[in-house]
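Enquirer: how would this look folded up:
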Amino acid sequence: MLNVILVVVGLILLTIGIVWLIDKFVPKKLKPVLNIVLWALIVFLGYITVMSVYGEIQFNKLKNERYDQVIAKLKDIRDAQLAHRTVTGEFSGNFDDLIKFIDTAEFTITQRKDSTIIDEELTRRFGGVETTRDIVVIDTLGFVPVKDSLFGADSRYRTMMNLPVGEPGAKFELKAGRLAENGIAVFEASVDKAVILFDQDENLVAKEKEVVSVDEVNGPTLKVGSMDEPYTKGNWPKNLSKD
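Expert: All right, here's what the predicted structure looks like:
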């Protein structure tokens, strides 16, 4: 964008220079026509410059609005996946299974207490001298449905796979598995930026997919989690989300 603006500004300055040369050296009869043509060119180039800047401003505004909605969905997917791992020890690689899990699974509510008991083996070793040891007692207090804990009465989780904006009918891509080197469970939910911004200028979309900045979504996708490391956060910056 900066290069385009510099080129257009250069052309405007060149045109102004040509107008000055015409005024200085061209016969009076030809000056009016040439001046009109050149000033029209200056106005046209100025318009292109203004619209280039305005177009990118509008693109960034729309981009951030759409990203906000996509991030909200990715957070729901992340929360559902973390609950799935808490209960099953695994992440889910299938949205149908993840939704079924939310509908049916329960969190176990436990209470952890420190306690002291007589250590019979040590007591025998010390000739009957009563010896104690500390233990942790975990009591099960009850069960809470995952659905109620995460979403309450809201049923939005049933459509968490659907992209809320962008290309009609598009869905998030969901993967899950374990790292080969240590067996840690991982997952990733993602969508290509080009799908979110499918109806925008192709050059601006291509530029957005290559962005590298602490205040932007880096890379070609908007995603949460990772299939390469035990990471469950999103790749969006703090200015787009509080968590």
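Enquirer: packing partners for the helix or strand harbouring residue 96?
Expert: Using DSSP states H and E, residue 96 sits within helix 95-104. Contacts defined by 3 or more Cβ pairs under 8 Å, 6 or more residues apart in numbering; DSSP states H and E place helix 95-104 against helix 31-88, helix 146-151. C-beta here means a position set from N, CA and C on the backbone, and glycine is covered the same way.
Enquirer: Settle this for me: residue 164 is touching residue 73, isn't it.
Expert: Yes - if you go by Cβ atoms under 8 Å, residue 164 and residue 73 touch, sitting 5.7 Å apart.
Enquirer: Show me which of those two is the more surrounded one.
Expert: Comparing residue 164 with residue 73 by other Cβ atoms under 10 Å, the one with more neighbours is residue 73, at 23 against 15.
Enquirer: What about the closest residue to residue 62 other than its chain neighbours, how many residues nearby?
Expert: Closest residue to residue 62 apart from its sequence neighbours, by Cβ to Cβ, 6 or more residues apart in numbering: residue 200 at 7.1 Å. If you count neighbours by other Cβ under 10 Å, residue 200 ends up with 19.
Enquirer: dump the residue contacts of residue 200.
Expert: Counting by Cβ atoms under 8 Å, 6 or more residues apart in numbering, residue 200 touches 59, 62-63.
Enquirer: hmm, try it at 10 Å
Expert: When the contact criterion is Cβ atoms under 10 Å, 6 or more residues apart in numbering, the partners of residue 200 are 55, 58-59, 62-63, 66, 166, 193-194, 208.
Enquirer: looking at these, which has the most residues close by?
Expert: When neighbours are counted by other Cβ under 10 Å, residue 193 leads the contacts of residue 200 with 24 neighbours.
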